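A.B. asks: My questions are about this predicted structure, shown below with the sequence.
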Amino acid sequence: MRELPNLPALLEAARTQLGLEEKIPGRAWWVHRPGHDLPSYAFVEFGLPSAVVAVAAVDPTTGQPTTSARLPGVAPHLSMNADEAVIAAGRRNGAARLVWTPSRQSASPLYPLWEVSGEDGSVVYVDLGGRVWPSLEPGGPGG
């Protein structure tokens, strides 16, 4: 099993690659592929939670962003946390983690979804807009 770097180190690597000042706050989360235990990348966002100025998907092996975007800093990006995703999914005692795979629900790793597991083992997905999906549909042509 590979040893994962710590999230703060990946956050700082992304900050350097994106040319962001140290004073800009940042946060990072692991993102998994659905059905896999090991994370596939770190999702990082910079700026205040209500005014995000940059986001990136960071490869845990190289520490390099695989994709990133600058944002205007006027709104949140990861618009809900794990607890809010559990509530949106209607799973009171559920557990949530970020996941991503190319799908009709999200074509970009900069838009991961919350995978919410119920006590009975069932899984639903909550996108960043709060919409609940029973499954992730494979992307079609162009997506």
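C.D. replies: Perfect, I can see it now.
A.B. asks: any idea how far the spatially most central residue of the chain lies from Ala82?
C.D. replies: Computing the C-alpha centroid of the chain and ranking residues by Cα atoms, centre = their mean puts Pro112 first, at 4.1 Å. To Ala82, Pro112 is 12 Å away according to Cβ to Cβ, to the nearest Å. C-beta coordinates here come from the backbone N, C-alpha and C atoms, glycine included.
A.B. asks: cool, Thr16 as well?
C.D. replies: From Thr16 across to Ala82, the span is 28 Å (Cβ to Cβ).
A.B. asks: Compare the two (neighbour count), which wins?
C.D. replies: The residue with more neighbours, out of Thr16 and Ala82, is Ala82; 16 against 12, by other Cβ atoms under 10 Å.
A.B. asks: from memory the more buried one sits against Ala96, does it?
C.D. replies: Yes: contact status for Ala82 versus Ala96: in contact at 4.0 Å, counting by Cβ atoms under 8 Å.
A.B. asks: Need the residues touching each of the two.
C.D. replies: Trp114 (Cβ atoms under 8 Å, 6 or more residues apart in numbering).
A.B. asks: Now do the helices in this protein.
C.D. replies: Counting by DSSP state H, the chain has these helices, from start to end: 7-18, 82-88.
A.B. asks: Tell me which of these approaches Gly47 most closely.
C.D. replies: helix 7-18 (11.4 Å; Cβ to Cβ).
A.B. asks: And the contacts of that closest one?
C.D. replies: 22, 24, 26-30, 42, 44, 46, 54, 56, 58, 60, 63-65, 68, 70.
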